[in-house]
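**Q** Compute the structure for the input listed below.
(2 chains)
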Amino acid sequence: MAKFTAKPNDLLKINYNPPQTDWMDTPVEIREHMYCHPSKKKDLDTVGFPNGRDWRVADEDWKLPANWEQTILEGMQALLKKYRSFSVFMDICVRCGACADKCHFFIGTGDPKNMPVLRAELLRSVYRGNFTLAGKILKKIAGARDLTVNVLKEWWYYFYQCTECRRCSVFCPYGIDQAEITMMGRELTNLLGLQIGWSGGPIAACYMKGNHLGLEPHTVKSCIDLFSEDIETITGIKIEPSFNRKGAEILFVTPSGDLFANPGTYTAMGYLMLFHELGLDYTWSTYASEGGNFGFFSTNEMAKRLNAKIYAEAKRLGVKWILGGECGHMWRVLHQYMDTWNGPADFLQEPVSPITGTKFENAKSTKMVHISEFTADLIKNGKLKLDKSRNDHLKVTYHDSCNPARGMGMLEEPRYVIKNVCKNFYEMPENTIREKTFCCGSGSGINASENMELRMRGGLPRANAVKFVHDKYGVNMLACVCAIDRATLSAANEYWVPEVGVTGVTELVANALVMKGEKERTLDIRLEPLPGKEGSEEVS
Amino acid sequence: MPNIEIAGKQVEVDEDGYMVDLDAWSKDIASSMAKADGVDLTDSHWEIINFLRDYYQKYQIAPMIKILVKEIGKTMGADKGNTKYLYELFPDGPAKQACRYAGLPKPTGCV
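**A** Okay, here's the model as predicted:
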């Protein structure tokens, strides 16, 4: 595959004029840099996904099983029966078009098949042709079509050009959830082994080793030991976190990306510093070592299997409740699925902060609390000593990660935390934040490198809002509470608005946190000189 | 997965040119891959390639850049323990380019 070399100005030439031909008569054109490599055979085989084989998207023959049409139609029938949402969404759209220009992929590509309504229509047309009387008789007049190899390829191409961010559903007068439709599309293509590699690899790794990156227990420990060394360099304080410790009060679970990828690693250091300062009785786990869940981007069943280890580990260790780190889709899964899949977690207690005594009523059922909720409560109760001025060189904006915002309604806590640890905070425009936040453009398992054009196009609306606050207020740092965001927005900002860096919220907290017995800070969490604090003689 | 001919041998690689079988690696393969990119491997390059392979043997994953920087600083002097030095050696990025020469899988970064 040729290298992606298009410059921002090339990508800004977006053609919003739809093709002359009817959408059904416009064949899918699978373009390089717009799709991910397929999953490897070994990864599909590891978890028992069907039709494991090595194949290439660019090849004509996708090595489908002989009876693939039957497999898809039977699969569709089963999903229609199992999910009332799916069956309703197949019927109720009135094509009002309210969703059409709300999708970051449509805005960034101009491709009408990235309008949520039309992306759904890719499935609906086959549904009508096979499951409705009108569609069976009237065919195309009733918006129906047959299932062909080209239709299947079109599904695959566009269901991996949706990040399941659910922005469009905020604007849909019927509340049709496009993520649900994409999820069904991916369920179906998974029946034929059409998983993408960027999901397939992490799923297999998580299934075998407990986390997406495939970090073995000694690797997890070595990462955290390294962070502890750096924390000692910065603060002079030696911290000694525990692993797999039975009888700890709290189990802490965060995405493995925080342990391995910058700038997530700085957020991980932030967790370590905060918990040490509080004297929190908590433990890391090298088994439940993944908060995220790439299974969620393949099939419901796979997501459930990968999620099971969190409660299992909490039970094994005998903790009282679970605290979770900064991750996006992790919280959609924990908040809306975990309890139904693998609960009830009646062996755990309703979470109570041991520092403030606050009972987290919102987590009564799941027994799992978000780090921003936990931290906001600490600040509200005056339990943290904070020196905001250490973040004075930063002009911060906050990107609502899709899932914590739209999937669990967490809008205020991160903002409250940021405003208490940073002097300079500026919101992006109203229609690009909170429930209406724009996706990073690379969520739902498509943050690979071979689809960089797609990612940069999808990231354009978000980056455009970042550029707005950069130009207007001089914003130079974007804070977020998602490991995928930290990786993908680093790339999107680098491309569209390179003056703005990316940080986790807890990194900002750690930078401001005044710890008992610490030495005078001259370095930030990234081990770079703290502006204005390089030496006391420079303080005027 | 496709096979390509490197250093007179058939080598199985993935879509991005990373070797599939870690054990099929040889120094000749690394040198040939580098040559194809117009890079002559020096002792400084080998230092990093060898570190990557050792780390992978122990941890089953390529090290994060933080570890690489720290380790190179320790063994080759503080002036070389920085990302700038690593990018001078491997302009396409120490993680991606050096891992490919070292026969490691493509680093995944954050997932």
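
**Q** how about the residues of chain A that lie near chain B?
**A** A:1, A:37, A:40, A:54, A:56, A:198, A:201-202, A:212-216, A:218-219, A:222-223, A:226, A:256-257, A:260-262, A:264-265, A:292, A:294, A:445, A:447, A:449-450, A:483-484, A:486-487 (C-beta under 8 Å from any C-beta of the partner chain). Quick note: C-beta positions are derived from backbone N, CA and C, even for glycine.

**Q** how about a cut-off of 7 Å?
**A** Contacts of chain A with chain B, taken as C-beta under 7 Å from any C-beta of the partner chain, map to A:1, A:37, A:54, A:198, A:201-202, A:212-216, A:219, A:222, A:226, A:257, A:260-262, A:264-265, A:294, A:450, A:483-484, A:486-487.

**Q** can you give me the strands for chain B?
**A** In chain B, the segments counted as strands under DSSP state E are B:3-6, B:9-12.

**Q** can you redo these as CSV with mean neighbour count, mean pLDDT and distance to residue A:120?
**A** Below are the strands of chain B laid out as CSV (neighbours: other C-beta atoms under 10 Å in any protein chain shown; pLDDT from 0 to 100; distance: least, C-beta to C-beta, whole Å):
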stretch, mean neighbour count, mean pLDDT, distance to residue A:120
strand B:3-6, 14, 82, 41
strand B:9-12, 14, 88, 40
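
**Q** Nearest approach to residue A:411 belongs to which of those?
**A** With C-beta to C-beta as the criterion, residue A:411 lies closest to strand B:9-12 of these, at 49.1 Å.

**Q** what's in contact with that closest one?
**A** B:1, B:3, B:4, B:19, B:20, B:21, B:24, B:29 (C-beta atoms under 7 Å, 6 or more residues apart in numbering or on different chains).

**Q** show me what contacts the third one?
**A** The reference is to residue B:4. Here residue B:4 is in contact with B:11, B:13 (C-beta under 7 Å, 6+ apart).

**Q** isn't residue A:180 right up against residue A:90?
**A** No. Contact between residue A:180 and residue A:90 fails when scored by C-beta atoms under 7 Å: they sit 10.5 Å apart.

**Q** the more surrounded of the two?
**A** When neighbours are counted by other C-beta atoms under 10 Å in any protein chain shown, residue A:90 comes out ahead of the other of residue A:180 and residue A:90, with 22 against 18.

**Q** pretty sure that one is in a strand, no?
**A** No. The assignment for residue A:90 (DSSP: H, G, I helix; E, B strand; the rest coil) gives helix, which keeps it out of a strand.

**Q** Which helix or which strand is home to the closest residue to it other than its chain neighbours?
**A** Once flanking residues are discounted, residue A:90 sits nearest to residue A:127: 4.7 Å by C-beta to C-beta, 6 or more residues apart in numbering or on different chains. Here residue A:127 sits within helix A:116-131, counting by DSSP states H and E.

**Q** need the longest helix for chain B.
**A** Counting residues, the longest helix in chain B under DSSP state H turns out to be helix B:43-59.

**Q** burial of residue B:86, as a residue count?
**A** Residues contacting residue B:86 under the criterion other C-beta under 10 Å number 22.

**Q** which residues does it contact?
**A** So residue B:86 contacts B:68, B:69, B:94 (C-beta under 7 Å, 6+ apart).

**Q** Tell me the one among the residues you listed nearest to residue A:476.
**A** Relative to residue A:476, the closest of these is residue B:69; by C-beta to C-beta it sits at 23.8 Å.

**Q** re the thing from before, what two of the contacts of strand B:9-12 have the greatest distance between them?
**A** Farthest apart among these by C-beta to C-beta are B:1 and B:29. That separation is 15.6 Å.

**Q** And those two? Which one has more around it.
**A** Ranked by neighbour count (other C-beta under 10 Å), residue B:1 and residue B:29 place residue B:29 first, with 19 against 14.

**Q** any idea how far residue A:496 is from the more buried one?
**A** From residue B:29 across to residue A:496, the span is 38 Å (C-beta to C-beta, to the nearest Å).

**Q** Same question for residue A:235.
**A** Counting by C-beta to C-beta - residue A:235 and residue A:496 are separated by 35 Å.

**Q** Then residue A:263?
**A** Going from residue A:263 to residue A:496 by C-beta to C-beta gives 18 Å.

**Q** what's the answer for residue A:91, then?
**A** 39 Å.

**Q** what bits of chain B have low per-residue confidence?
**A** Counting by pLDDT under 70, chain B has low-confidence residues at B:1, B:109-111.

**Q** Let's see that with 90 instead.
**A** The model of chain B has pLDDT under 90 over residues B:1-11, B:14-17, B:22, B:60, B:62-88, B:91-96, B:105-111.

**Q** Pull the contacting residues for residue A:381.
**A** residue A:356.

**Q** can you tell me which residues contact the closest residue to residue A:170 other than its chain neighbours?
**A** Nearest residue to residue A:170, sequence neighbours excluded (C-beta to C-beta, 6+ apart): residue A:435, at 5.4 Å. Counting by C-beta under 7 Å, 6+ apart, residue A:435 touches A:170, A:405, A:406.

**Q** check contacts around the first one.
**A** It refers to residue A:170. Contacts of residue A:170 by C-beta under 7 Å, 6+ apart are A:406, A:435, A:436.

**Q** Also residue A:479?
**A** A:396, A:398, A:418, A:503, A:505, A:508.

**Q** how about it, secondary structure?
**A** Using three-state DSSP, the structure places residue A:479 in strand.

**Q** Tell me which stretches of chain B form helices.
**A** Using DSSP H, the helices of chain B run over B:27-36, B:43-59, B:65-76, B:83-89, B:99-101.
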